[in-house]
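Novice: everything below, folded, please.
(one chain, ligands or ions: 1)
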Amino acid sequence: MLNKVIIGNQKMNLTASQTRKFINAFVPMVEHLNCDIAICVPYTNLAVCKRALKDTNVAFGAQNVSEFEKGAYTGEINSEMLADIGCKLTLVGHSERRKYFSEHNSEINSKIKQNLKYNITSVLCIGESKRERTAGQTRNVICKQLDECLSGLYENELENIVVAYEPIWAIGTGQTATGKQIEEAVNIIREEIARLYTDKASKNIVVLYGGSVKPDNVKNFINIKNLNGFLVGGVSLDAKAFSELIQIYVGKPVKK
Ligand code: PGA
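Specialist: The predicted model follows:
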């Protein structure tokens, strides 16, 4: 059985000093919990994470990475730089990046390949829009995203991939998918990985759900079969609420 996994996506919210405060409050509340925990922060907060999360059970990552290796790409940050500062993971293909920065599957595929060179785990975000779901396109959309984003990857490289199913209509809206919808999507993801690779790869790949997960709804999702954990946005900005969510998920009494 794979470990439980919780990743916070703090988006463009906290400054470096606010991140330090967050970490100081958060870490004591989640120490010794049997769960892989990470936070994805803005680039400017990575140095603070490197210092403040040293020797803790919380890893840190970025929210994006360049698709390019190195050189004249003003404003970009590459995988080598992230690895050097201690990043263990980055988000790739978040729907906000697809929407506001026109990221396509082919670029996301390049980002994943760059990350692989530096042993950084890519948290690949995929998911359908409301319109696509209503039109019965959910399976097609998810499978196309997986096929194109993972194109050219070998099976052993999937160890460095986490798939986060994040239906666009559930992100930051307060409207979560139902347990049944999440289970169906997780099954589609695992079936597609089995088709592209092997049953073993399908069984082993880590799959998360993200979209309005909160302390008061996480228990509805705890028993979803084949789901390894959650990608948490808004709640991950609040040390108390985020730690509460994790404690509920791992079945520990919530410390108030
Ligand atoms: P949310 O965001 O938890 O605020 O809906 C999830 C995400 O964007 O990863």
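Novice: can you classify the residue lying closest to residue 209 once chain neighbours are set aside as helix, strand or coil?
Specialist: Leaving aside its sequence neighbours, residue 209 sits nearest to residue 182 (CB to CB, 6 or more residues apart in numbering; 4.9 Å). Heads up, the C-betas are built off the backbone N, CA and C, glycines and all. The three-state label given to residue 182 by DSSP: H, G, I helix; E, B strand; the rest coil is helix.
Novice: show me the contacts for residue 182.
Specialist: Neighbouring residues of residue 182 by CB atoms under 8 Å, 6 or more residues apart in numbering: 165, 209, 221, 224, 227.
Novice: quick one: end-to-end length of stretch 160-178, please.
Specialist: 28 Å (CA to CA, to the nearest Å).
Novice: quick one: average pLDDT of it?
Specialist: For stretch 160-178, mean pLDDT rounds to 94.
Novice: does that stretch reach the ligand?
Specialist: Yes. For stretch 160-178, a contact with the ligand is found by CB under 6 Å from any ligand atom, at 166, 171-172.
Novice: tell me the buried residues in that stretch?
Specialist: The neighbour-count check on stretch 160-178 (16 or more other CB atoms under 10 Å) flags 160-171, 176-177 as buried.
Novice: how about stretch 14-33?
Specialist: Across stretch 14-33, burial judged by 16+ other CB under 10 Å covers 14, 19-20, 22-23, 26-27, 29-30, 33.
Novice: quick check: residue 59 is in a helix.
Specialist: No. Residue 59 is assigned strand when assessed by three-state DSSP, not a helix.
Novice: quick one: neighbours of the nearest residue to residue 184 once chain neighbours are set aside, just the number.
Specialist: Spatial nearest neighbour of residue 184, excluding adjacent residues (CB to CB, 6+ apart): residue 138 at 7.9 Å. Other residues near residue 138 come to 19 when the count uses other CB atoms under 10 Å.
Novice: over to residue 222. Which of the three states is it?
Specialist: coil.
Novice: residue contacts, it?
Specialist: 248-249, 251.
Novice: any idea which of those is the one closest to residue 109?
Specialist: Closest approach between the contacts of residue 222 and residue 109, by CB to CB: residue 249, at 30.9 Å.
Novice: so for the host helix or strand of that closest one, mean pLDDT?
Specialist: Here residue 249 sits within helix 239-250, counting by DSSP states H and E. The average pLDDT for helix 239-250 rounds to 97.
Novice: residue numbers of the stretch 1-150 of the chain in contact with the ligand?
Specialist: By CB under 6 Å from any ligand atom, the residues of the stretch 1-150 of the chain that approach the ligand are residue 9.
Novice: helices along the stretch 1-150 of the chain, start to end?
Specialist: Per DSSP state H, counting those that start in this stretch, the stretch 1-150 of the chain carries helices over the ranges 16-30, 46-52, 79-84, 95-100, 105-117, 130-134, 138-149.
Novice: need the contact partners of the fifth one.
Specialist: Going back to what we said before, that points to helix 105-117. With contact meaning CB under 8 Å, 6+ apart, helix 105-117 is reached by 64-69, 78-80, 90, 92-93, 121-122, 124, 144-145, 148-153, 157, 160-161.
Novice: who's in contact with the residue in the chain positioned nearest to the ligand?
Specialist: The nearest approach of the chain to the ligand comes at residue 233, 2.1 Å away (CB to the nearest ligand atom). Counting by CB under 8 Å, 6+ apart, residue 233 touches 8-9, 11, 171-172, 210, 212.
Novice: least confident of those?
Specialist: In terms of pLDDT, the least confident member of those is residue 172, at 88.
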